[in-house]
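1. generate a structure from the sequence data that follows.
(one chain, ligands or ions: 2)
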Amino acid sequence: MSLFQRDVTVCVLSSGSAGNCTYVGDKHAGVLIDCGVSTKQILGRLAEVGLADAPIDAVLVTHEHTDHVGAAAVLGRALAKRGRPVPFYMTHGTSRGVHPSCLPDGVEIVEAGTGFRVRHLQIEPIPVPHDTQDPVAYRVNVGDAAVAVITDLGKPTALLARHIRECHALVLEFNHDEDMLMDGPYPYPLKQRIKGNHGHLSNRQAQMLLADGLGGSLRHLMLAHLSEDNNTPTRALVAAQRTLQDGGAFGRVAVSVCLQRAALPPVRVTTNVW
Ligand SMILES: [Zn+2]
Ligand SMILES: [Zn+2]
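-> Numbering: from 1, shown residues only. Ligands and ions are numbered 1, 2, ... in the order given. Predicted coordinates for the structure are as follows:
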């Protein structure tokens, strides 16, 4: 049995209500999680952070909201034109919910709770409570490293905490500050939707989930899907760091706030591969 080390790269290319896309991969295989910004932005930002040649073997779609799947049809055609047609993995519910004009060729149906492989990447779709047909978060395992992208959920779950406990890098929704949301300009029904059990995770709920799932392996935490109207990077950051401090993980976990209009610098996790 041979054992060697390899770097897994995680790069949030865009995050927020105007579009989401994250790259996870090593030098042999990779996936995009969601494709809710334009193809030009996805490929352009990959190039900007030095990942122009990073392998893209699949796109994992979390749910049918446009900020997660809007570019799918165009991106599929663009990757096919580069000689790399890729499958788009999504649940049956998501495939039914995607607007027909966004539906890409090569849809592969997945089930929440049933893992599958993309080359040597082990992928686990995890069910999340959100107001779409069958939404999931994704965990990607490469060797003994685990990365998860968990956004667009109305409340923490014990299952998500269990997955977070094994993660080395985590992209986690810190959508809104509860006071800012309630005092802010949104109409009442929209406020109710966002804070409902199938809406978005507040800073406080994200803290609860993180506290519940904080394990010894976490090294990188990226705060995601921040509302531009109902949150500030500082509020999210303070909330996350307080939770890390309380959990004895302050200083061990690098925290960054994802951006809507630019990629974060890629994060690298070293893994052992057999
Ligand atoms: Zn979203
Ligand atoms: Zn959504």
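2. pull out the buried positions in stretch 244-252.
-> Neighbour-count burial for stretch 244-252 flags 244, 247, 249 (criterion: 16 or more other Cβ atoms under 10 Å). (Glycine included, C-beta is placed from N, CA and C.)
3. spit out the contact partners of the first one.
-> When contacts are counted by Cβ atoms under 8 Å, 6 or more residues apart in numbering, residue 244 touches 210, 214, 221, 250, 252, 253, 255.
4. for it, give me phi and psi.
-> Per-residue torsions, residue 244: phi -60, psi -40 (degrees, to the nearest 10).
5. hmm, back to that, which of the contacts of residue 244 are buried? Put it as a ChimeraX command.
-> Only the buried entries of those go into this ChimeraX selection, using 16+ other Cβ under 10 Å:
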select :210,214,221,253
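6. quick one: least confident of the contacts of residue 244?
-> Of all those, residue 250 carries the smallest pLDDT score, 87.
7. and the residue lying closest to that residue once chain neighbours are set aside, how far is that from residue 168?
-> Excluding the flanking residues, the one nearest residue 250 by Cβ to Cβ, 6 or more residues apart in numbering is residue 244, at 4.7 Å. To residue 168, residue 244 is 15 Å away according to Cβ to Cβ, to the nearest Å.
8. and residue 206, by the same measure?
-> Distance of residue 206 to residue 168, computed by Cβ to Cβ: 18 Å.
9. same deal with residue 196?
-> Applying Cβ to Cβ to residue 196 and residue 168 gives a distance of 32 Å.
10. kindly report the same for residue 29.
-> Distance, residue 29 to residue 168, by Cβ to Cβ: 17 Å.
11. so between those two, which is more surrounded?
-> The residue with more neighbours, out of residue 29 and residue 168, is residue 168; 22 against 19, by other Cβ atoms under 10 Å.
12. surely that one meets residue 272?
-> No - contact criterion Cβ atoms under 8 Å: residue 168 and residue 272 do not qualify, at 11.6 Å.
13. which residue ranges of the chain form strands?
-> If DSSP state E is used as the criterion, the strands of the chain fall at 4-14, 21-25, 30-33, 58-60, 88-91, 107-110, 116-118, 121-127, 136-142, 145-150, 169-173, 220-224, 254-257, 267-273.
14. who wins for proximity to ligand 1 among those strands?
-> Proximity to ligand 1 (Cβ to the ion) singles out strand 169-173 among those, at 8.4 Å.
15. give me the spatial nearest neighbour of the residue in the stretch 151-274 of the chain that ligand 1 sits nearest to, chain neighbours excluded.
-> Scanning the stretch 151-274 of the chain for proximity to ligand 1 using Cβ to the ion identifies residue 152 as nearest, at 4.5 Å. Nearest non-adjacent residue to residue 152, counting by Cβ to Cβ, 6+ apart: residue 130, 4.8 Å away.
16. run a quick neighbour tally on that neighbour.
-> Residue 130 has 23 neighbouring residues, counting by other Cβ under 10 Å.
17. likewise the one 10 residues further on?
-> Around residue 140 sit 26 other residues, with neighbours defined as other Cβ under 10 Å.
18. and what of the one 5 residues further on?
-> A count of neighbours around residue 145, defined by other Cβ under 10 Å, yields 23.
19. can you pull the contacts of it?
-> Going by Cβ under 8 Å, 6+ apart, residue 145 touches 8, 168, 169, 269, 270, 271.
20. just residue 171 next, same as before
-> Contacts for residue 171 (Cβ under 8 Å, 6+ apart) come out as 10, 12, 15, 22, 147, 148, 149, 150, 151, 222, 224, 258.
21. hang on, the first one packs against residue 167?
-> To tie it back to what came earlier, the one meant is residue 10. No - with contact defined as Cβ under 8 Å, residue 10 does not reach residue 167; the gap is 10.4 Å.
22. between these two, which contacts overlap?
-> Common contact partners of residue 10 and residue 167 (Cβ under 8 Å, 6+ apart): residue 147.
23. the residue nearest to residue 152 and residue 201 touch, don't they?
-> No - Residue 130 lies out of contact with residue 201 (Cβ under 8 Å); the separation is 9.8 Å.
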